[in-house]
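**Q** after the sequence you'll find the predicted model.
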Amino acid sequence: MLPIREIKPKNARTKRFVDNKAPQQTENPRTTLFLKYTTCSEVLHLVLNDIYALKRPLAIKFSKKNNIHPFEDPSSLEFFSEKNDASLMVFASHSKKRPHCLNLVRFFGYKVLDMIELSVIPETMRTLSQFKNEKTATGLKPLLSFSGSAFDSPTANAYTLAKSVLLELFKGPDVAEIDVEGLQYMLHFSVDEEDDSSSDSKPQIHLRSYLLKTKKVPNSNLPRVEVEEMGPRIDFRVGRIQEADPDMMKEAMRKPKTSEARTKKNIDTDVIGDKVGRIHLGKQDLKTLQTRKMKGLKRSRDVVDGDETMEGAEEEGGELELGGEKRVRVEV
Amino acid sequence: MAATMEDAPKVQAQPYTFDLGHLLVTDTNPLPTLTTTNKEAVLAATAQACAQGLINQLLTACPIIRSSDGDLQIKLPDPTFQLPREKPVPKEKEKSKWEKFAAKKGIKAKRNEGKLVFDEAKGDWVPRYGYKGKKGDGDDWLVEVADEKPEKQERAGGKPEKGGRGAPAEAVKNRSGSRSGTGNVMKRKAR
C-alpha cells in the first residue's frame, strides 16, 4: 500500500484537522471502523449493525466488501486506520472454517497492537429489535461488568486480552462527571468456568445488555436496582488471538509527563517562619583534607627535634590549634 | 458483598473490584454452571447483583454535586485500569528562538485584557475606550474659558491636546524629498 501523503495545511480548517489527528497529551476517544469480508453471514450483519448503533457517533461503517485476512496480512487494515483516524476495528468475516467471526483489532500509532477473534454463536443470538422494550438514547456511557474468574487471571491469557479489548470497545468517552440520570444501561460480560472434563471447548463469553431501573427502598439512601434485558444478546466463542509486541505495548502504556507540579522535596519551614532546606554533602575523606599550610611548621625549618615531631603528629590529625587563637579553617 | 446467587455456600464469595473512572465492576466469583433452562435467569441474576453493587458504590464513594441546571452529577475519579494509548506520547516541541530569548529575559506575553473594564463607580462593565467608555464620562465636560487666547484653552474631560508633537508630515516629506534622487536619477542612469 502506498504511504499516505502528508497534508501540509493551507488554511485554518485543515490545520485544525491535522492537529486533531496528531498525537496529543490527553487523547481523543477511539473511533471504531466496521468492515466486512467478501463473505459475511446474516447473523454477523445484524450484530455489526447493533454494535455500530451502540458506538455512534464515534464509528464509521464501510459498506464495501474487503478481501483481507487480518491474521496473515494486516497492512490493509493499517492503511484504513490511518486514513480514517480509527484506532479500533471490527472486522466481520464468515467462512466454512471460521463461521460468524468478529475480529476485534486495536491499533497503536496506526499499526496493529493486538487482535482477538470472537465467533458469534448464531443459535443464541438476539438482536436489539427482538427485545420489545424501550431502548436508551444513543451516546450514553454504559456501566460495564465482567463476571467470571478467567477475566482476572494473573497470567495474561485470551480472556484478559478480551476484557481489555471489550472494555475499550464499549466504554465510550472518558468523562470526569456523569449525570445520575445518565446511568441507564449496563453491559454485562460473563465467562463460564474452565471445565476440565470438556477441555476441547473453551468457555464462552456471554454479552448481555440490560436497562437499569431503580426503585426507592424504605429506610435506605441507596435504591434497589432492577435489570431488564434490552439486547443485543450475543454468545462468543474465543478464537485466535494476536497479543501485542511487548515493546509496542510498553510504549503504548507510557504516560505523558503530568502537568501538575510535583511537591518540592527538602523544603521545610522553621519555627520562626524561615524557609529551610538541607544541603547534603558527601562523606569527607579526612585523609585527603587540605588544611592551611603553616609554613612555620615545615620540617625543613630549624626547630628542635622533639618539638618538630610533636607538631608533626598534631598536624596529621587534621586540626591544629595554635595558642587557642588560630584555628584551621577547613575549606570544602 | 453479594452472595445471593452463589449456589455452593461453602465457597467464600469474593468482593467486587470497582473502577469507577470507567464505570466498571469486576466480579471474580466463578459463574455457576449454566444449563439451557436456567442460563438467562442465572445471567440476569448475576448482572443484577453486579449492577446493584456498582450503583451502591457510585452513590456512596463519589461526591454528588447539584449542577446549575438542577441535575445531580456524580464526580468520577480517574480510571485505575490502564488501557493502552492510541497514539504515541507527543514529543516535546522545541522552543523557538524568540521563546528561548523571552524565557531567558523573563519577558511575559502581553495578555489581551478585552474590550470591557469594570468600573467601580458605576458598578458595571464599560468599554475600555471609545463611546461611553471609561475615560469619556465625567462632570468636567463644561470647562470655563480662563482667558481669551484660543491656544491656551483647556479641553473637556482633562484630555491632552491632540497633535502638536514632532514635525508635521509636510516637513518630513520635504526632508525626505531632498534625499531621494529626483535630481540625480538621470545621472545614475547615465552610468
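**A** Sure, I can see it.
**Q** all strands for the stretch 51-200 of chain A, in order.
**A** Per DSSP state E, counting those that start in this stretch, the stretch 51-200 of chain A carries strands over the ranges A:59-66, A:88-93, A:101-108, A:111-120, A:143-147, A:177-179, A:185-191.
**Q** how about TSV for the ones you listed, with distance to A:G277, mean pLDDT and mean neighbour count added?
**A** Any C-beta I mention is one placed from the backbone N, CA and C, and that applies to glycine too. Formatted as TSV, the entries for these read as follows, by distance: least, C-beta to C-beta, whole Å; pLDDT from 0 to 100; neighbours: other C-beta atoms under 10 Å in any protein chain shown:
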stretch	distance to A:G277	mean pLDDT	mean neighbour count
strand A:59-66	55	94	13
strand A:88-93	49	95	24
strand A:101-108	43	95	24
strand A:111-120	45	95	21
strand A:143-147	48	94	25
strand A:177-179	40	89	17
strand A:185-191	53	93	23
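**Q** tabulate these (JSON lines), appending distance to B:P127.
**A** Written out in JSON lines, the entries for the strands of the stretch 51-200 of chain A read as follows (distance: least, C-beta to C-beta, whole Å):
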{"stretch": "strand A:59-66", "distance to B:P127": "48"}
{"stretch": "strand A:88-93", "distance to B:P127": "51"}
{"stretch": "strand A:101-108", "distance to B:P127": "52"}
{"stretch": "strand A:111-120", "distance to B:P127": "55"}
{"stretch": "strand A:143-147", "distance to B:P127": "51"}
{"stretch": "strand A:177-179", "distance to B:P127": "37"}
{"stretch": "strand A:185-191", "distance to B:P127": "51"}
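**Q** could these go into a markdown table alongside distance to chain B?
**A** As requested, these are arranged in a markdown table below (distance: least, C-beta to the nearest C-beta, whole Å):
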| stretch | distance to chain B |
| --- | --- |
| strand A:59-66 | 15 |
| strand A:88-93 | 8 |
| strand A:101-108 | 6 |
| strand A:111-120 | 6 |
| strand A:143-147 | 4 |
| strand A:177-179 | 5 |
| strand A:185-191 | 4 |
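**Q** A:P232 contacts A:N49, correct?
**A** No - using C-beta atoms under 8 Å, A:P232 is not in contact with A:N49, being 9.4 Å away.
**Q** and those two? Which one has more around it.
**A** Neighbours around A:P232 and A:N49, counted as other C-beta atoms under 10 Å in any protein chain shown, are more numerous at A:P232. The numbers are 22 against 16.
**Q** quick one on the thing from earlier: quickly list what's touching both of A:P232 and A:N49.
**A** Shared between the contact lists of A:P232 and A:N49 (criterion: C-beta atoms under 8 Å, 6 or more residues apart in numbering or on different chains) are residues A:T127.
**Q** for A:R254, find the nearest of the strands of the stretch 51-200 of chain A.
**A** Between A:R254 and the strands of the stretch 51-200 of chain A, the shortest separation by C-beta to C-beta is 10.8 Å, and it involves strand A:101-108.
**Q** now for that closest one, which elements pack on it?
**A** helix A:42-55, helix A:75-84, strand A:88-93, strand A:111-120, helix A:158-170, helix A:246-252 (3 or more C-beta pairs under 8 Å, 6 or more residues apart in numbering or on different chains; DSSP states H and E).
**Q** and the contacts of the third one?
**A** Right, strand A:88-93. With C-beta under 8 Å, 6+ apart, strand A:88-93 has contacts from A:30-37, A:39-40, A:44-45, A:47-48, A:51, A:68, A:70, A:77, A:80-81, A:101-107, A:168-169.
**Q** let's see the pLDDT reported for A:V304.
**A** pLDDT recorded at A:V304 is 53.
**Q** how about low-confidence regions in chain B?
**A** B:1-12, B:134-140, B:148-167, B:176-191 (pLDDT under 70).
**Q** need the strands for it, in chain order.
**A** With DSSP state E as the definition, chain B shows strands at residue ranges B:17-19, B:24-27, B:64-66, B:72-75, B:116-119, B:124-127.
**Q** now do the last one: which elements does it pack against?
**A** It refers to strand B:124-127. When contacts are defined as 3+ C-beta pairs under 8 Å, 6+ apart, strand B:124-127 sits against strand B:116-119.
**Q** residue of the stretch 151-300 of chain A nearest chain B, please.
**A** Using C-beta to the nearest C-beta, A:A252 is the residue of the stretch 151-300 of chain A that sits closest to chain B, at 3.6 Å.
**Q** any idea of the angle the biggest helix by length in chain B forms with strand A:143-147?
**A** The helix that spans the most residues within chain B, counting by DSSP state H, is helix B:39-61. Following axes from the mean of the first three to the mean of the last three C-alpha atoms, to 10 degrees, one obtains 120 degrees for the angle between helix B:39-61 and strand A:143-147.
**Q** how about helix B:39-61: buried residues?
**A** Neighbour counts over helix B:39-61 (16 or more other C-beta atoms under 10 Å in any protein chain shown) mark B:42-56, B:58-59 as buried.
**Q** need the contact partners of it.
**A** Counting by C-beta under 8 Å, 6+ apart, helix B:39-61 makes contact with A:143, A:145, A:147, A:183, A:186, A:188, A:190, A:206, A:208, A:210, A:212, A:214, A:221-227, A:229, B:2, B:4-5, B:16, B:18, B:20, B:23, B:25, B:27, B:31-32, B:34, B:74, all of which sit outside it.
**Q** do the same with stretch A:128-144
**A** The set of residues external to stretch A:128-144 that reach it, using C-beta under 8 Å, 6+ apart, is A:50, A:53-54, A:56-57, A:167, A:170-173, A:175, A:178, A:182-187, A:189, A:209, A:211-212, A:228-233, B:22-25, B:51, B:54-55.
**Q** which of these are buried, as a PyMOL select command?
**A** Under the burial definition 16+ other C-beta under 10 Å, those of those that qualify are selected in PyMOL by:
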select buried, (chain A and resi 50+54+167+170+171+172+178+182+183+184+185+186+187+189+209+211+212+229+230+231+232+233) or (chain B and resi 22+23+24+25+51+54+55)
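**Q** just give the closest residue to the one residue sitting closest to the centre of chain A, not the sequence neighbours.
**A** Nearest to the mean C-alpha position of chain A, counting by C-alpha atoms, centre = their mean, stands A:M253 at 4.9 Å. For A:M253, ignoring the flanking residues on the chain, the nearest one in space by C-beta to C-beta, 6 or more residues apart in numbering or on different chains is B:P84 at 5.7 Å.
**Q** correct me, but that neighbour touches A:F108?
**A** Yes - B:P84 lies in contact with A:F108 (C-beta under 8 Å); the separation is 6.1 Å.
**Q** list residues touching both of the two?
**A** Residues touching both B:P84 and A:F108 by C-beta under 8 Å, 6+ apart: A:A244, A:A252.
**Q** what about A:G172, distance to B:A102?
**A** Taking C-beta to C-beta, to the nearest Å as the measure, A:G172 and B:A102 are separated by 42 Å.
**Q** all helices for chain B, in order.
**A** With helices called from DSSP H, chain B shows them at B:39-61, B:97-105, B:169-179, B:185-190.
**Q** so which of those comes closest to A:T127?
**A** helix B:39-61 (15.7 Å).
**Q** could you check the angle strand A:185-191 makes with the closest one?
**A** For helix B:39-61 against strand A:185-191, the angle by the same axes, to 10 degrees is 120 degrees.
**Q** B:L72 - how many residues pack around it?
**A** A total of 13 residues lie near B:L72 under the criterion other C-beta under 10 Å.
**Q** list the contacts of it.
**A** Neighbouring residues of B:L72 by C-beta under 8 Å, 6+ apart: A:D179, A:V180, A:E181, B:I64, B:I65, B:R66.
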